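Colleague: Have a look at this prediction, sequence included:
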Amino acid sequence: MNLIQLADTLFSRYARISRADKTGGAKCICCGKPDHWSTLDCAHFVGRSCMALRWSIDNGWPCHRTCHDAPEHLVKYERALLAAYGQDFVEDLKWRGKRYQKAPNEEELTQIINQLTFKLTVYANKKSIG
Ligand SMILES: [Zn+2]
């Protein structure tokens, strides 16, 4: 596993665990139905090719695999973000998604990985769902 894959794995876990309740239940961003975080995907609103948002918690949410694969996925995703966080939040994500950002170097990736590892440790201690 290279550093980008490791950061992706940690981010996916963090994006799902941080939205889970005490029993591990997290709501799917698309359909709103809860499931255990470990059975959900982490879906990106702005695609992962955008390095500026690839590991941004605003841009990664729990999502059923079937909802993730559905053709209307992004329409439902946007509707849910608009309802929960409003127009400015969604416009800001889209704007940030259009900005060019080079791929992080090894040092930057290591920082991202360390931050995600720390956050996951905090959540593992707070909730018994790790
Ligand atoms: Zn769903």
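Modeller: Arrived safely, thanks for sending.

Colleague: Summarise which helices and strands the longest helix seen in the chain is packed against.
Modeller: The single longest helix within the chain, with elements called by DSSP state H, is helix 106-126. Contacts defined by 3 or more Cβ pairs under 8 Å, 6 or more residues apart in numbering; DSSP states H and E place helix 106-126 against helix 3-17. C-beta here means a position set from N, CA and C on the backbone, and glycine is covered the same way.

Colleague: Give me the pLDDT for S128.
Modeller: On pLDDT, S128 comes in at 57.

Colleague: Contacts for the worst-scoring helix or strand of the chain on mean pLDDT next, please.
Modeller: Counting by mean pLDDT, DSSP states H and E, the weakest-scoring helix or strand in the chain turns out to be helix 106-126, with a mean of 92. Contact partners of helix 106-126, identified using Cβ atoms under 8 Å, 6 or more residues apart in numbering, comprise 3-4, 6-7, 10-11, 13-14, 17-18, 55, 104, 129-130.

Colleague: Give me the below-cutoff pLDDT ranges for the protein.
Modeller: The chain contains residues with pLDDT under 70 at 127-130.

Colleague: Return the residues of it in contact with the ion.
Modeller: The interface of the chain toward the ion, taken as Cβ under 5 Å from the ion, is made up of 28, 30-31, 64, 67.

Colleague: how near is the spatially most central residue of the chain to G32?
Modeller: Centroid-nearest residue in the chain: G60, 1.9 Å away (criterion: Cα atoms, centre = their mean). Computed with Cβ to Cβ, to the nearest Å, the distance linking G60 and G32 is 17 Å.

Colleague: is P62 in a bridge, and if so with what?
Modeller: P62 has these beta-bridge partners by DSSP bridges: C42.

Colleague: doesn't S38 make contact with it?
Modeller: No - using Cβ atoms under 8 Å as the test, P62 is too far from S38 to be in contact (10.1 Å).

Colleague: List the residues that are in contact with both of these two.
Modeller: R16.
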